[in-house]
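1. sequence and predicted structure below; questions after.
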Amino acid sequence: MPPIIENHPCFNDASRHTYGRIHLPVAPKCNIQCNYCNRKFDCMNENRPGVTSKVLSPKQAISYLHAAVKLSPNISVVGIAGPGDPFANPEETMETLRLVRADYPDMLLCVATNGLDVLPYIDELAELQVSHVTITINAIDPEIGAKVYAWARHNRKMYRELDAARLLIGNQLESLKQLKRAGVTAKVNSIIIPGINDAHMVDIAAKVAGLGADILNCLPYYRTTETFFEDIPEPAPEMVSEIQLATSAYLPQMKHCARCRADAVGIIGELNPEEMMRKLAESASLPKNPVGGRPYVAVGSMDGVMINQHLGEAARFLVYGMDRDSGELILVDARKAPPAGGGQLRWEALAETLGDCRVMLVNGAGNSPIKVMNANGIDVVVTDGPVLKAVYACFDEHGIRSLIKSNPAHVCGTGCSGTKGGCL
């Protein structure tokens, strides 16, 4: 067996009691809807994909990883497996992989994906030495796939049922082929859904084997409430064993799958240790972009007293720092924002203007400017209340949590002077 598989507990049954893995939950969005999946629920006692107690930013994730490796030195694999799909969140996924590779040059890197959007990133995955990729392929016949998937979103276009299945299957099979071309070890997960695709498993095995897959994981589907398939019973162990035996004629089998959570850590099959869950929560409470060379906080305020301006309508931002000797806040500057209009270029210019700020406090914000600010290392917090109290909280790694509105949803054009055309 190649050394690259020997130390991966998901790809090698013999190593799963010796080596641990950690999943970094940095990918909350998904680009398909499976009829068996519901990501709303999170019970600490359940193991299933799509579940995490916290979602981390890439820099929060690397902080968590540092703590986890200290607590569990047997971790040999860092994976990204959701809770959505890694490549529905490509910026977060790729940044996380880069950070991990920089700090842990010998660590195995792994991603688990539905395969819809991985193709543009395969070359960079290979450059980062992402050695293992899992693709979940539940059908190679679009007629069967249309029963499994409700929709797929690709290149900003929505596809449904048969069209979604054709698109997804085509991208999955091409991705598998290109991953093998790039030298990546590929595992295929196929979820056994009784009455839907159970009689189709051998066809899947034969197809993916022909494309070079290294190992096959035929696993029983997990019955989840509030899904289209919630009334379908889970497959009997006898059915699973028969399918694994039949498909083993084409590929080696993974039979020890624990249907891991998106925040799984440690030895496969064991619940996440409580200390790890505390470290996960602590990391999630950190600023999304730690201080580094960004010592300041920007505030949208008309009067300098209350946080009362939306990001898109603020003509200036007050910039605060803290005197570390006295612990007193200092008003460092008042910086003009770029004029309205210009879309993406406007927000790039604002991000440059506030390039030494780690956090922006505003009373409302649209998705477009938030995305640009985050990409440029500025954490946007939508909140209200007194300016000084909120800024003080930003200099407390745990106090920043108290600022986030319990219902931060902002409908464009409400509560500001906008025209419902997006923050331009």
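-> Received it, and whenever you're ready, just let me know what you need.
2. where in the stretch 301-424 of the chain is pLDDT low?
-> Along the stretch 301-424 of the chain, segments meeting pLDDT under 70 span 397-424.
3. meant to ask about the stretch 151-300 of the chain
-> In the stretch 151-300 of the chain (pLDDT under 70), the answer is 256-259, 267-273, 287, 289-293.
4. next, work out how far apart Ala186 and Pro194 are.
-> 26 Å (CB to CB, to the nearest Å). In short, each C-beta sits where N, CA and C put it, glycine included.
5. which of these two has more residues huddled nearby?
-> Between Ala186 and Pro194, counted using other CB atoms under 10 Å, the more crowded position is Ala186 (21 against 16).
6. show me where the stretch 51-200 of the chain has its helices.
-> 58-71, 90-103, 122-127, 142-148, 161-181 (DSSP state H, counting those that start in this stretch).
7. I'd like to know which of the ones you listed lies nearest to Pro339.
-> Closest to Pro339 of those is helix 90-103 (CB to CB; 27.4 Å).
8. the closest one packs against which elements?
-> Helix 90-103 is packed against helix 58-71, strand 75-80, strand 108-113, with contacts defined by 3 or more CB pairs under 8 Å, 6 or more residues apart in numbering; DSSP states H and E.
9. mind putting these in a markdown table, mean neighbour count, distance to Val380 and mean pLDDT included?
-> Below are the helices and strands packed on helix 90-103 laid out as a markdown table (neighbours: other CB atoms under 10 Å; distance: least, CB to CB, whole Å; pLDDT from 0 to 100):
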| stretch | mean neighbour count | distance to Val380 | mean pLDDT |
| --- | --- | --- | --- |
| helix 58-71 | 20 | 15 | 89 |
| strand 75-80 | 23 | 23 | 90 |
| strand 108-113 | 24 | 27 | 94 |
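10. so which of those gets nearest Glu274?
-> helix 58-71 (10.9 Å).
11. gap between the two ends of stretch 123-138?
-> 25 Å (CA to CA, to the nearest Å).
12. other residues contacting stretch 226-235?
-> 35-38, 40, 150, 192-196, 198, 220-224 (CB atoms under 8 Å, 6 or more residues apart in numbering).
13. please repeat the previous calculation with a cut-off of 6 Å.
-> Counting contacts by CB atoms under 6 Å, 6 or more residues apart in numbering, the residues outside stretch 226-235 that touch it are Asn35, Tyr36, Asn38, Ile192, Pro194, Pro220, Arg223.
14. which residue packs closest to Tyr296, ignoring adjacent ones?
-> Cys357 (4.6 Å; CB to CB, 6 or more residues apart in numbering).
15. if I look at the one you found, how far off is Val148?
-> Taking CB to CB, one finds Cys357 at 46 Å from Val148.
16. who's more crowded, those two?
-> Cys357 (29 against 23).
17. residue contacts, that one?
-> Arg294, Tyr296, Ala298, Ile378.
18. gap between Thr185 and Ala165?
-> 27 Å.
19. quick one: which of those two has more around it?
-> Neighbour count, other CB under 10 Å: between Thr185 and Ala165, Ala165 has more, with 25 against 21.
20. state the pLDDT value of the residue nearest to the more buried one when sequence neighbours are not counted.
-> The shortest distance from Ala165 to any non-neighbouring residue, by CB to CB, 6+ apart, is to Gly145 (3.0 Å). Looking at Gly145, its pLDDT is 96.
21. any idea how far Gly145 is from Arg223?
-> From Gly145 to Arg223 the distance is 20 Å (CB to CB).
22. kindly report the same for Lys29.
-> Distance from Lys29 to Arg223, by CB to CB: 24 Å.
23. swap in Lys207?
-> Lys207 is 27 Å from Arg223, by CB to CB.
24. what of Val69?
-> On the measure of CB to CB, Val69 and Arg223 end up 35 Å apart.
25. pull the number of nearby residues for Glu143.
-> 11.
26. begin at 18, not 1, for the rest of this chat.
-> Done: numbering now begins at 18, and the last item shifts to Glu160.
27. and it, what is it in contact with?
-> No contacts exist for Glu160 under CB under 6 Å, 6+ apart.
28. what do you get if the cut-off is 8 Å, keeping everything else the same?
-> Leu179, Ala182.
29. do the one 3 residues further on as well
-> Remark: with contacts taken as CB under 8 Å, 6+ apart, Ala163 is in contact with Glu178, Leu179, Ala181, Ala182.
30. pretty sure the first one is touching Val165, no?
-> No - shown here, Glu178 and Val165 do not form a contact pair, counting by CB atoms under 8 Å, at 10.1 Å.
31. let me know the secondary structure of Leu335.
-> strand (DSSP: H, G, I helix; E, B strand; the rest coil).
32. what about the spatially closest residue to it that is not a sequence neighbour, neighbour count?
-> Nearest in space to Leu335, with sequence neighbours left out and distances taken as CB to CB, 6+ apart, is Val316 at 4.6 Å. Each residue near Val316 was counted by other CB under 10 Å, and the total is 28.
33. quick one: Val316 and Lys406 touch, right?
-> No - Val316 lies out of contact with Lys406 (CB under 8 Å); the separation is 11.4 Å.
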